[in-house]
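1. would you be able to build a 3D model of this:
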Amino acid sequence: MQLLDSNEVVNQRSEGAANRLVLSFWWPAILLLLVFFALPSRAQYRTSIQGAVTDPTGAVIPGATLTLKNKSTNETVVRKSNDSGIFNFNALPADHFTLTVEREGFKKKILDDLQLIPNRRMP
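-> Numbering: from 1, shown residues only. Down below sits the predicted model:
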């Protein structure tokens, strides 16, 4: 068994108290930073477009090229419909878009001024 003199005991106690003081100071600061950075991310709403490409008879059109253009930024995103004619555009900002659908052997379809609004479901 090791004996400690009174100075060592006092030093160990004061170091423990200093560590608790540092932790008690940093904990609220870290929590405040987490809350500060979480609030803006919660306010960023995103939307999506999903659907199926079909011909006038209702038959699906696989391999159609869909080009979505943001009218505010001119940014474009291109997707292809899958074997079932299904397509998805995810994580889009709420804004106005133009959607162009093309497939060889079919007439080009342009849907102009699509307004995407978060949390709205279209029939």
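2. got the domain ranges for this protein?
-> The record assigns the chain these domain ranges, following automatic domain parsing: 1-44, 46-115.
3. could you pull up the mean pLDDT of the first one?
-> Which is domain 1-44. The pLDDT scores in domain 1-44 average 52.
4. what segments of this structure are strands?
-> Remark: strands assigned in the chain by DSSP state E are 46-52, 65-70, 76-80, 86-93, 96-102, 109-115.
5. and these as a markdown table, adding distance to residue 58?
-> Just so you know, the C-beta spots here come from the backbone N, C-alpha and C atoms, and that holds for glycine as well. Formatted as a markdown table, these follow (distance: least, Cβ to Cβ, whole Å):
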| stretch | distance to residue 58 |
| --- | --- |
| strand 46-52 | 10 |
| strand 65-70 | 18 |
| strand 76-80 | 20 |
| strand 86-93 | 14 |
| strand 96-102 | 15 |
| strand 109-115 | 15 |
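6. now tabulate those in CSV and tack on distance to residue 59 and mean neighbour count.
-> Below are these laid out as CSV (distance: least, Cβ to Cβ, whole Å; neighbours: other Cβ atoms under 10 Å):
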stretch, distance to residue 59, mean neighbour count
strand 46-52, 10, 14
strand 65-70, 17, 18
strand 76-80, 17, 13
strand 86-93, 14, 14
strand 96-102, 15, 17
strand 109-115, 15, 12
